[in-house]
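Enquirer: Quick one: sequence plus predicted model below, questions after.
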Amino acid sequence: MTDRETHAQPEEALSKDQIDRLVEEYDPESNFRQLIGGAAIIVTVMGVLLSLFHVYTAGFGLLNEIAHRSIHLAFVLALIYLVFPEQRRARPAVEWPVSLGFVAFYLYLAYDMARALEGRGEGEGTWIFVLLIAGVSFLTLPFKFLGTERNRIAWRDWIMAAVAASVSLYFVVFFEDIFINRVGDPIGQDYMMGVLAIIMVVEATRRTMGLSLPIIGVACLLYGMLGPYLPGVLGHRGYSILRIVNHIYIGTEGIYGIAVGVVATYVFHFVLFGVLMQLTGLGQLFMNLATIVAGRYSGGAAKVSVVSSGLFGMISGSSIANTVTTGALTIPLMKRSGFSPRFAGGVEASASCGGQITPPIMGASAFVMAEMLGVPYNHLILIAIFPAIFHYFAMLLMVHLEAKRLGLSGMDRRHIPIFLEVMARSWHLLIPLLAMVTLLLMQYTPFLAAFWGIILTILCGYLPLILRPLGFKSLDPSSALKPRQLIEGFELGAKYALGIGAACACVGFILGIATLSGIGFKFSGAVLQLASSAAETVLAFDFTGWIGQQGVTLFFALVFIAIACILMGAGIPTTPTYIILASIAAPALHDLGVPLLVTHFFVFYYGVLADVTPPVALAAYAGAGIAGSEPMRTGTTAFRLSMGKALVPFMFVYAPSMLLVDFTWLEFAQAMLSGLLSVLCLSVAYIGHFRAAVSGWTKLALSVAGLLLIFNDLRGILVGAAIAALALGGNWLAARRLSSA
């Protein structure tokens, strides 16, 4: 490593142990036990076997749908109980009532199931089953004597892991009986296993995700059962416990539905690919390239944060991991260069969230979208490029304006690596990523592209050892993954996929009940009715005749759905948020004439804001932990800095050409120009600086201009552009007068 590359590492950079602790603290999906001894060996073997299973099936052919998802979920659920300790963040006054509420629900399910099976003449053994459920329910209560050690697997966790694995392996062992011999006619044993599966999924999701998603899942199951007793539009015919368990457990409408299918066939492979790529040193290469590209300009440290987070996000779908990994280097550098701790943490969190919308790997939600819409993933990669550019343009612009406001310069040239030296050391690390993207664009399946990406990551790591004797002495040999590192990578890849696996299984409750009860259509109807009422109120004050009924109704529908996304995202990770709202909210926009792909992208983008949306802005809180700033204020800053991500969905709803839908060059060019001007106006209004300090009235005028420019209406664009020209021009002239005085 050259002296200039060495200087690229800030002295205050966090150690690997500090990074791991921050990830565990702020990312519940990475809150792993640190096991030793025999338990650690068992978990490692299970994790490696799960990774090898997915690598093999990706390269040599998937199993049938049910078997593949069942084997995947058997490992995932069992590992969750062995790897994740019980979350103990709530006060006992909250923890105990919530736990007792879940237990009451489990016992109600068992009792109702026993009565239903007796009514069918299959009552033999049902009350023994009720006692079994009571025993399992007892194990979920937060008694200390049952074992609550942080880094030791309690005896009840072994029992829960065995039960969790059995409910999925049941399909593998009895596949022919269930799906061939008695298809459509389950027996009592099938229903009993279904109740156990529901309990295991709820408890696994509690461990990995906290309380919000399990509570919503349980509420949906109760909604399906108690429909006749609900008032007004919420009411429906109701369904028996047998019908619900059959729908949720047996088949592909619930637990083993599309969400788990996407994780088992797409997401897992890309998570593993990202983990292995980071182990080879690609993250450091991205950091060096970002420093070369952006470090020398005004506010260079913050611009390096934005660019490096975007590059890192290409191989990582986790906002929190991205924040901590890149922020460990960039946040101390930003603070040292003159940015406030709050702004530094907010920049890193907001930029890291952009990783989920940055091709080619955009997080699990993009794979779910491809499956739900039946759109090739390579098509989603292409259409996601321009919205992602808007997000990073907005971030770079706000960082630049803040740097100018503070009078900050770029990084010292001694701290900026030399491009040719960096590439001479690490060019081989880009081969797997380029090969994977090429295969995706050539319309190969995502899991096959990921398979070759994984294989090439392992093989290309050894290129320095092969080529150095041939004269390539500058290549870095540390990229070669030794057997121990490879095992660690396979284990970590499996662990990082556990949380999303449990969440998607729990989302199966919501999707299953939605298809049974039609709640999606009811939600859509309620949104349309509310939007129409709001539109009528606005139209009553319109004396110009410019505003149309449908346009105003669409605007309010977008606002209401965006609010729903933000509220739900404040407690639930991105992928479950997207799946839920794509099922129940997106139809409302489609009914207003918005193309289906655009509606899903709208929901997807607002779901991504979850990690920077206070009061549960986990990525922002992780950034605040590194920066030493107040978490809530850092979250608010990160949310404001994500303005580009919040505005882009409105832009492509009004101009679908941005997503290459109903594409015309005129609409595309008009949307891009008005969008860029809108981002400029709102960025200046937020930062409060454009060549000089911006007055309050100028901020207001620029905010109005920025909002008018979003709608891609020619009259609005002309008015917004005129206001922007007057406001920005006036501030520019004022700055010239000050400089010449």
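Expert: Thanks, I have the structure now.

Enquirer: mind checking how far Leu49 is from Tyr56?
Expert: Noted for Leu49: a distance of 10 Å to Tyr56, by Cβ to Cβ, to the nearest Å. For every residue, glycine as well, the C-beta is placed using N, CA and C.

Enquirer: Identify the residues contacting the residue nearest the centre of the chain.
Expert: The structure's the chain has its C-alpha centroid closest to Thr574; by Cα atoms, centre = their mean the separation is 3.7 Å. Applying Cβ atoms under 8 Å, 6 or more residues apart in numbering, we find Thr574 in contact with 319, 356, 363-365, 607-608, 610-611.

Enquirer: Report the buried residues of stretch 247-262.
Expert: When burial is assessed from 16 or more other Cβ atoms under 10 Å, stretch 247-262 yields the following buried residues: 247-251, 253-262.

Enquirer: before we move on, the earlier item: identify those among the contacts of Thr574 that sit within helices.
Expert: Applying DSSP state H to those, the entries found in helices are 319, 364-365, 607-608.

Enquirer: May I see the buried residues of the helix or strand hosting Tyr108?
Expert: For Tyr108, the host element (DSSP states H and E) is helix 92-119. Buried residues in helix 92-119, counting neighbours by 16+ other Cβ under 10 Å, are found at 95, 99, 102-103, 105-106, 109-114, 116-117.

Enquirer: what's the farthest-apart pair in those?
Expert: By the measure Cβ to Cβ, these have their two most distant members at Glu95 and Leu117, which lie 33.2 Å apart.

Enquirer: Listing request: residues of the chain with sub-threshold pLDDT.
Expert: Within the chain, the set of residues satisfying pLDDT under 70 comprises 1-28, 87-93, 148, 316-317, 542-548, 569-571, 741.

Enquirer: can you list the domain ranges for it.
Expert: Partitioning the chain according to automatic domain parsing yields domains covering residues 3-7+262-481, 26-251, 666-741.

Enquirer: can you put the ones you listed in TSV and add distance to Leu498?
Expert: As requested, these are arranged in TSV below (distance: least, Cβ to Cβ, whole Å):
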stretch	distance to Leu498
domain 3-7+262-481	10
domain 26-251	5
domain 666-741	38
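
Enquirer: export stretch 359-366 as CSV, just CAs?
Expert: Once side chains and other backbone atoms are set aside, the C-alpha atoms of stretch 359-366 remain, and they are given as CSV (Å, rounded to 0.1, in the frame of the first residue of the first chain):
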residue,chain,number,x,y,z
PRO,A,359,-28.7,-1.3,-9.3
PRO,A,360,-27.6,-4.0,-9.8
ILE,A,361,-28.5,-5.4,-6.3
MET,A,362,-31.3,-3.3,-4.8
GLY,A,363,-32.2,-5.3,-1.7
ALA,A,364,-34.8,-8.0,-1.3
SER,A,365,-37.7,-5.8,-2.3
ALA,A,366,-36.6,-5.5,-5.9
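
Enquirer: mind checking how far that stretch is from the chain centre?
Expert: Counting by Cα atoms, centre = their mean, to the nearest Å, stretch 359-366 is centred 9 Å from the centre of its parent chain.

Enquirer: Also stretch 684-700?
Expert: 33 Å.

Enquirer: Quote the end-to-end distance of it.
Expert: Taking Cα to Cα, to the nearest Å, the span from the opening residue of stretch 684-700 to its closing residue is 11 Å.

Enquirer: Give me the three-state assignment for the residue nearest to Ile385 when sequence neighbours are not counted.
Expert: Sequence neighbours aside, Pro359 is the residue nearest to Ile385 in space, at 6.0 Å (criterion: Cβ to Cβ, 6 or more residues apart in numbering). Three-state secondary structure (criterion: DSSP: H, G, I helix; E, B strand; the rest coil) places Pro359 in coil.

Enquirer: in the helix or strand containing Phe668, what's buried?
Expert: Phe668 belongs to helix 665-687 when elements are defined using DSSP H and E. Buried positions in helix 665-687, judged by neighbour count with 16+ other Cβ under 10 Å: 667-668, 670-672, 674-687.

Enquirer: now do stretch 153-160
Expert: So for stretch 153-160, counting by 16+ other Cβ under 10 Å, buried means 153-154, 156-158, 160.

Enquirer: Let me have these in JSON lines, extended by secondary structure and distance to Arg342.
Expert: Rendered in JSON lines, the data for the buried residues of stretch 153-160 read as follows (DSSP: H, G, I helix; E, B strand; the rest coil; distance: Cβ to Cβ, whole Å):
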{"residue": "Ile153", "secondary structure": "coil", "distance to Arg342": "40"}
{"residue": "Ala154", "secondary structure": "coil", "distance to Arg342": "40"}
{"residue": "Arg156", "secondary structure": "helix", "distance to Arg342": "43"}
{"residue": "Asp157", "secondary structure": "helix", "distance to Arg342": "40"}
{"residue": "Trp158", "secondary structure": "helix", "distance to Arg342": "45"}
{"residue": "Met160", "secondary structure": "helix", "distance to Arg342": "42"}
